[in-house]
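A.B. asks: I need the structure of the sequence given here:
(chains A, B and C)
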Amino acid sequence: MGVMSWFKYKSPFGLAFAFQRITGIILLFYLILHLCYLTSLQSRELYETLTSITVSRQFIIFDSLLILCGVFHGVNGIRIIIHELGIGHELRRVVLAVSAIIAILGWIIGSYILFMALGD
Amino acid sequence: MRGFEPLAWVFQAISGIAMVFLITTHFLLTHSSHDLLSYDSVLYRMTNMEYKIFYALLLIFVTFHAFNGLRAIILDTEGGMRKKGAVNAVIVTAALIAIFYGLYLLSKF
Amino acid sequence: MKFVIRRFKDDKSFWQSFEVPVKKGMTLLDGLFYIRENIDPSLAFRASCRMGICGSCAVKVNGRPRLACETQLSKFKKEIKIEPLDNFRVIRDLVTEFEGFFAKHKKVKPYLIANTDYENPIEQLQTPEELKKYYIFTLCIKCGSCLSVCPSSATLESSLGPAALVSAYRFNADSRDRGKEERLKIVSESFGVWRCHSAMECSEVCPKQIEPAKAIQLLRRETLR
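C.D. replies: Next up is the predicted model:
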């Protein structure tokens, strides 16, 4: 079957599982990138050059996508923790729907805060 | 308790819940207004003891969670499970490098 | 109704269509028998009890595992796609190899381990409340649907899979059982409960609605003690 079968769509739960894996891997790469980026803090010039590129209108789409990954991974993770405590298995469709709504709301709010902070 | 696996599972959940709060705080600390990402305000946070503890905690939780997650993904495959010991060793080493590098950066200020 | 069946012959797989006249109340299994009796006697599939008890006839119908004998054809429109279960080796057409599945099941010691004094046997009493703790998990018919959708079973053959873990929990939750430690030792290996990542697919497809994912989580909690 191969690794691709993890990402084979079966039910909404399988889809959530696949996204959890994909976003998890994206966030791991981001963590490594973030640690490398912070190396620049040792020099003011380097840090300011880098932030002038990354804190910008062109980059806001990536930031927003990153927020989507993070919020989804977090909310879906909480959903999984609830079920792993043995709670709410019979109500799993409701829990999934609620967590999807929370994730979308979190994404919108996060992106809004990011956009407002960017200023002109 | 039976070995490392149950501990890893529980700590994966605990760090997950903790990170929901820590990362939300981190996001608000850095993005709720424009000048929060300027060199001076970053420097202020990095030299302040409370922030230092906050970031050290965040670093440890995030790194453990990320690398333990990667370990679970790799062990789900035939090849990963065959070399389970090597996978565990590489993952632990990589996580420790990331944590110590992060702590080293924090200690510089 | 058009039956599109994935067939396997001599290591080759191909799709073949059959036109089956459908009557009210007809099940998918009736349709398969119709094909074998009237169109192509070489079509291989497994079935036995025809009433959802034996767990032989699970096949993938339009991408979702179902028991052929309990699937009403009136549920589908014009076309129905039938494949053998995923994560199992196909022997021929819709018949898959279950040896490995049953071996995993045996591995978790799916029987009561009790200190019975056979010289002076006494009745093993159990209250209705104690029965209720595990009763739902006794309904598993070992049809293999759960394992066929489990993402970690797809890439790791040695992973125990939902059905075996359900059995382990069913006996561990039994008040008459004395073999908890033996079973916990097996299921807490890396190929046991730790390969579950709560994708919940098993609970979604279980034809007996026994929530295998829940049993795995409860079992996992036991290994913490």
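A.B. asks: check whether the helix or strand hosting C:Glu204 contacts chain B.
C.D. replies: For C:Glu204, the host element (DSSP states H and E) is helix C:201-205. No - counting by Cβ under 8 Å from any Cβ of the partner chain, chain B is not contacted by helix C:201-205; separation bottoms out at 14.0 Å. No exception for glycine: its C-beta is placed from N, CA and C like everyone else's.
A.B. asks: so, low pLDDT: which residues of the chain?
C.D. replies: Picked chain A for this. For chain A, residues meeting the criterion pLDDT under 70 lie at A:1, A:119-120.
A.B. asks: wrong one, I was asking about chain B
C.D. replies: Where chain B drops to pLDDT under 70, the residues are B:1.
A.B. asks: tell me the helix or strand right after the helix or strand where B:Tyr51 lies.
C.D. replies: Counting by DSSP H and E, the element that carries B:Tyr51 is helix B:49-75. On the C-terminal side of helix B:49-75, the nearest following helix or strand under DSSP H and E is helix B:78-82.
A.B. asks: just want the angle from the helix or strand following that following helix to helix B:49-75.
C.D. replies: Sequence order places helix B:84-107 as the next helix or strand after helix B:78-82, per DSSP H and E. If you take axes from the mean of the first three to the mean of the last three Cα atoms, to 10 degrees, helix B:84-107 sits at 160 degrees to helix B:49-75.
A.B. asks: do I have it right that A:Val71 meets A:Ile108?
C.D. replies: No - using Cβ atoms under 8 Å, A:Val71 is not in contact with A:Ile108; the gap is 9.5 Å.
A.B. asks: okay, the two: which has more neighbours?
C.D. replies: Set side by side, A:Val71 and A:Ile108 show more neighbours around A:Val71, with 25 against 14, by other Cβ atoms under 10 Å in any protein chain shown.
A.B. asks: what's the helix or strand for the more buried one?
C.D. replies: Short version: A:Val71 belongs to helix A:60-84, going by DSSP H and E.
A.B. asks: and the closest residue to C:Glu97 other than its chain neighbours, how many neighbours does it have?
C.D. replies: Take C:Glu97 and drop its neighbours on the chain: the residue closest to it by Cβ to Cβ, 6 or more residues apart in numbering or on different chains is C:Arg89, 4.4 Å away. Around C:Arg89 there are 11 other residues, counting by other Cβ under 10 Å.
A.B. asks: if I look at C:Arg89, how far off is C:Val205?
C.D. replies: As for C:Arg89, its distance to C:Val205 is 19 Å (criterion: Cβ to Cβ, to the nearest Å).
A.B. asks: what of A:Leu41?
C.D. replies: Taking Cβ to Cβ, one finds A:Leu41 at 51 Å from C:Val205.
A.B. asks: those two: which is more packed in?
C.D. replies: More crowded of A:Leu41 and C:Val205, by other Cβ under 10 Å: C:Val205, with 23 against 18.
A.B. asks: just to revisit the earlier point, next up, the contacts around the residue nearest to C:Glu97.
C.D. replies: Neighbouring residues of C:Arg89 by Cβ atoms under 8 Å, 6 or more residues apart in numbering or on different chains: C:96-97, C:100.
A.B. asks: so which of these sit within strands?
C.D. replies: Counting by DSSP state E, the part of these found in strands is C:Thr96.
A.B. asks: most neighbours, which of the contacts of C:Arg89?
C.D. replies: Taking other Cβ under 10 Å as the neighbour criterion, C:Thr96 ranks highest of the contacts of C:Arg89 with 21 neighbours.
A.B. asks: for that residue, list each beta-bridge partner.
C.D. replies: Judged by DSSP bridges, the bridge partners of C:Thr96 are C:Val90.
A.B. asks: near chain B, which residues of chain C?
C.D. replies: Contacts of chain C with chain B, taken as Cβ under 8 Å from any Cβ, map to C:151-152, C:155-159, C:184-185, C:188, C:190-191, C:194-195, C:197, C:220, C:223-225.
A.B. asks: now a ChimeraX select for only the buried ones of those residues.
C.D. replies: For the buried members of the residues of chain C next to chain B, the matching ChimeraX selection, counting by 16 or more other Cβ atoms under 10 Å in any protein chain shown, is:
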select /C:151,152,155,156,158,159,184,188,190,191,194,195,197,220,223
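A.B. asks: which of the residues of chain C next to chain B are close to chain A?
C.D. replies: C:151, C:155, C:197, C:220.
A.B. asks: how near is the second one to C:Arg36?
C.D. replies: Remark: distance between C:Thr155 and C:Arg36 (Cβ to Cβ) = 34 Å.
A.B. asks: again, but for the first one
C.D. replies: Taking Cβ to Cβ as the measure, C:Pro151 and C:Arg36 are separated by 33 Å.
A.B. asks: so what's C:Ser158 up against?
C.D. replies: Residues near C:Ser158 by Cβ under 8 Å, 6+ apart: B:81, C:191.
A.B. asks: wait, C:Lys75
C.D. replies: C:Lys75 makes contact with no residue, according to Cβ under 8 Å, 6+ apart.
A.B. asks: same question, the one 5 residues further on
C.D. replies: For C:Ile80, the contact set (Cβ under 8 Å, 6+ apart) comprises C:1-4, C:28, C:31, C:61-62, C:73.
A.B. asks: isn't there a helix covering it?
C.D. replies: No - with DSSP: H, G, I helix; E, B strand; the rest coil as the criterion, C:Ile80 is located in strand rather than a helix.
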